[in-house]
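Visitor: could you work out the structure for the sequence below:
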Amino acid sequence: MLATGLKSIANTLRVEDGKHIYTIEGHDHELESVTTNLRVLNKENVNAWREKLGKDEATRLRDEGGDIGRMAHIAGLRLFRGEGYGAYEWSCLGVPSELDGFVWKGGAWVDPSTGEPPKDGVRKDERVRNSVGALDLMMHERNLVPIAAECFVWSRVYGYAGTLDAACLTDDCLQLIGQPTPQQLAALLAQYPEAVSVDLFDWKTSGAVYPEAWLQLAAYAVAFMESYHIRVRRIYPVRLDRGQRTLPKDAQGGTVRTVAYELGQTVPTKDGPQRTEYMDGDDLVYAFDNYMHAQELGKWIREHGGRY
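Guide: Residues are numbered from 1 along each chain as shown. Here you go, the predicted structure:
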C-alpha cells in the first residue's frame with residue numbers, strides 16, 4: 001500500500017535455495033533481500049533453540065510461526081487500508097491442516113484448480129487474533145497515520161531490496177499539518193515531500209526482537225529515502241504479543257484475552273534490563289554501517305564458494 005502521490009516500484013520476487021531475490025522492472029540486475037543478506041549472522045539463541053527441540057520439531061514450529069506472522073501482516077495491511085480484518089475469520093491461520101494440493105497465492109492458501117480457499121480443516125489459532133489485536137491497539141494508542149505499508153524498497157546505490165512493513169507520519173509532522181485527508185496527503189507528497197518525515201516500523205510475532213532487527217530496519221530506512229525521497233526520522237521494531245494457541249481461563253471459567261505490544265528491544269545487562277525503544281540519528285547510521293558489513297561478508301563468502 002502506498003499513499004496517493006507515491007509511485008509504486010514494479011518488481012518481481014523469486015525464491016532460490018531459500019534466498020529471496022528481487023528484479024526491478026527496467027533494470028537487468030538482481031538484488032538479494034535485506035533478510036537474505038542478514039542470514040550470514042550467527043543467531044546463537046535460535047541455534048540453541050533448534051538443538052534443544054530437535055530439527056523436526058523446530059522446523060514445524062518455525063513454519064507454524066511463519067504462518068502466524070504472514071496472517072498478521074495481511075490483516076495489518078487491511079487495517080492500514082481501513083478495510084477491517086478481512087472477510088476471513090481472523091482467528092484462523094487460514095492454513096489448511098494438510099498443505100498438500102494447496103498453493104499460496106494472492107495472500108491466501110488456495111486450491112490451484114479452483115482458486116478457492118480450503119473449506120474444511122483450517123487450523124484455528126488465537127495467536128493470530130492476539131497479534132492483530134496488538135497491532136490494532138498500537139495503531140490507536142500511537143495515532144499512526146501510514147503513508148506506506150507492505151511496500152517495496154530498494155537501493156541502487158548499495159545493491160539490496162526488501163519489503164517494509166510500515167512507514168507512518170511522525171508525531172511532529174502531524175503537529176504541523178494536522179490529520180491530513182488522503183487528498184491533502186497526496187498533494188503534500190507530490191509538492192513538498194521534503195516537508196514530510198516518517199517513522200518506520202517492522203512487526204515481529206516471535207517471542208523476542210533480535211538484534212539484527214535494527215540492521216534490517218536501518219537498511220529499509222536508507223532504501224526508503226532513496227526510493228521515495230522522504231526523510232526517515234526513527235526506526236521501531238515492534239513485538240506483537242501473540243499469546244497462546246488457545247485462550248486461558250479465569251477463575252470463573254471464562255476466557256481471558258491479553259493484547260499487548262512492545263516497541264523496541266529489551267536486553268539483560270549486569271545492571272538490569274535495558275530497553276531501547278527506537279533508533280535515530282547517529283545510532284541509525286551506525287546500524288546501517290553494520291548491515292553493510294553483514295551484506296559484504298555474505299558476498300565474500302559466496303564468492304569463495306561458501307554457503308549460509
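
Visitor: contacting residues for the residue lying closest to residue 194 once chain neighbours are set aside?
Guide: Nearest non-adjacent residue to residue 194, counting by Cβ to Cβ, 6 or more residues apart in numbering: residue 231, 7.3 Å away. Backbone N, C-alpha and C define where each C-beta goes, glycine included. Residues in contact with residue 231 (Cβ atoms under 8 Å, 6 or more residues apart in numbering) are 194, 196-198, 225.

Visitor: who does residue 231 bridge with?
Guide: residue 197 (DSSP bridges).

Visitor: report how many residues lie close to the nearest residue to residue 268 once chain neighbours are set aside.
Guide: Nearest non-adjacent residue to residue 268, counting by Cβ to Cβ, 6+ apart: residue 274, 7.8 Å away. By other Cβ atoms under 10 Å, 11 other residues sit near residue 274.

Visitor: isn't residue 274 up against residue 267?
Guide: Yes: contact criterion Cβ atoms under 8 Å: residue 274 and residue 267 qualify, at 5.6 Å.

Visitor: of the contacts of residue 231, buried ones?
Guide: 196-198 (16 or more other Cβ atoms under 10 Å).

Visitor: tabulate these (TSV), appending pLDDT and distance to residue 157.
Guide: Converted to TSV, these look like this (pLDDT from 0 to 100; distance: Cβ to Cβ, whole Å):
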residue	pLDDT	distance to residue 157
196	83	21
197	88	21
198	92	20
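
Visitor: tell me the one of these nearest residue 239?
Guide: Checking the buried ones among the contacts of residue 231 against residue 239 with Cβ to Cβ, the nearest one is residue 198 at 20.7 Å.

Visitor: follow-up on the earlier one: residue 62: which of the contacts of residue 231 is nearest?
Guide: residue 198 (31.4 Å).

Visitor: secondary structure element holding the residue lying closest to that closest one once chain neighbours are set aside?
Guide: Sequence neighbours aside, residue 167 is the residue nearest to residue 198 in space, at 4.4 Å (criterion: Cβ to Cβ, 6+ apart). Residue 167 belongs to strand 160-169 when elements are defined using DSSP states H and E.

Visitor: show me how far that strand is from its chain's centre.
Guide: Distance of strand 160-169 from its chain centroid, counting by Cα atoms, centre = their mean, to the nearest Å, is 8 Å.

Visitor: helices or strands next to it in the packing?
Guide: strand 19-24, strand 30-32, helix 34-37, helix 55-81, strand 146-155, strand 197-204, helix 212-228 (3 or more Cβ pairs under 8 Å, 6 or more residues apart in numbering; DSSP states H and E).

Visitor: buried set for the very next helix or strand once past that strand?
Guide: Later in the chain than strand 160-169, the nearest helix or strand by DSSP H and E is helix 171-177. Judged by neighbour count using 16+ other Cβ under 10 Å, the buried positions of helix 171-177 are residue 173.
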